[in-house]
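Colleague: Have a look at this fold, sequence not included:
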């Protein structure tokens, strides 16, 4: 009988403990003797070579995913000579995957019966979907939101990028790696109102005639 795996997407804003949840899951699998592999796109190199580290200090070695990595081929190569497959693949920062790589993960699920759990952001600092996240929303079997709270008490939705003065940044490349010094998670209402406030503050008054 073939095993039935699933493709999961667990998303949340920055600071919602996505990585901590991944690492806790890996620990639980290890305790139960389940086979698993941790993966992470190489674009996030803040924690050094092949390491996933949570903000709360826990970490675990991982396999890097490059922009041109074939994740189906990678999973197939991880099978041993007897055809045993990895039971769980845990992917951090899944928003940085390409749409093609998400499709490759879906093929791993469908053909090998593995479970693939992707953790990542939904949108960028402009509230636009990342490529990998968009594809996961389109084809994942199970989608779960990891919720966190804005300072006003509402649910965070936007990963706002900030400058050295704490003002929201409106323009720039979609991908810019950073921590609390560059990003703050806020609700939609606070994001809108703060941008309006900044816009009004930056309007220069008419000169005296």
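Modeller: Here it is on my side, so go on. Note that the structure is a prediction, hence the values are computed from the model and not measured. Numbers count the residues shown, from 1 in each chain.

Colleague: Quick check: the closest residue to residue 87 other than its chain neighbours vs residue 107, distance?
Modeller: For residue 87, ignoring the flanking residues on the chain, the nearest one in space by Cβ to Cβ, 6 or more residues apart in numbering is residue 35 at 4.8 Å. The C-beta positions use only the backbone N, C-alpha and C, and glycine is treated the same way. With distances taken as Cβ to Cβ, to the nearest Å, residue 35 is found 19 Å from residue 107.

Colleague: for residue 21, helix, strand, or coil?
Modeller: Local secondary structure at residue 21 is given as helix here, using DSSP: H, G, I helix; E, B strand; the rest coil.

Colleague: which secondary structure element contains residue 160?
Modeller: Taking DSSP states H and E as the criterion, the element that holds residue 160 is strand 158-161.

Colleague: Partner strands of the worst-scoring helix or strand of the chain on mean pLDDT, with direction?
Modeller: For the chain, counting by mean pLDDT, DSSP states H and E, strand 51-53 ranks last in confidence among helices and strands (a mean of 73). When sheet partners are counted by DSSP bridges, strand 51-53 sits next to strand 59-61 (antiparallel).

Colleague: Closest to the centroid, which residue in the chain?
Modeller: A centroid search over the chain (Cα atoms, centre = their mean) returns residue 120, at 1.7 Å, as the residue closest to the centre.

Colleague: Leaving out the residues flanking it, which one is nearest to that one?
Modeller: Across the structure, with Cβ to Cβ, 6+ apart as the measure, the residue nearest residue 120 apart from its sequence neighbours is residue 94 (3.6 Å).

Colleague: For that neighbour, list the residues it contacts.
Modeller: By Cβ atoms under 8 Å, 6 or more residues apart in numbering, the contact set of residue 94 is 9, 41, 102, 118-120, 132-133, 136.

Colleague: ok, which pair from the residues you listed is furthest apart?
Modeller: Every pair in the contacts of residue 94 was compared (Cβ to Cβ); the two farthest apart turn out to be 9 and 41, at 14.9 Å.

Colleague: quick one, phi/psi of residue 120?
Modeller: phi -180, psi -180 (degrees, to the nearest 10).

Colleague: beta partners of it?
Modeller: Taking DSSP bridges, one finds residue 11 as the beta-bridge partners of residue 120.

Colleague: where's it relative to residue 136, distance?
Modeller: Distance from residue 120 to residue 136, counting by Cβ to Cβ: 8 Å.

Colleague: Please enumerate the strands of this structure.
Modeller: For the chain, the strands identified by DSSP state E occupy 7-11, 36-41, 51-53, 59-61, 63-65, 88-91, 115-120, 142-145, 158-161, 183-186, in order along the chain.

Colleague: Show me the shaky parts of the protein.
Modeller: With pLDDT under 70 as the threshold, the chain has low-confidence stretches at 1-2, 44-49, 56-57, 80-83, 178-180, 202-209.
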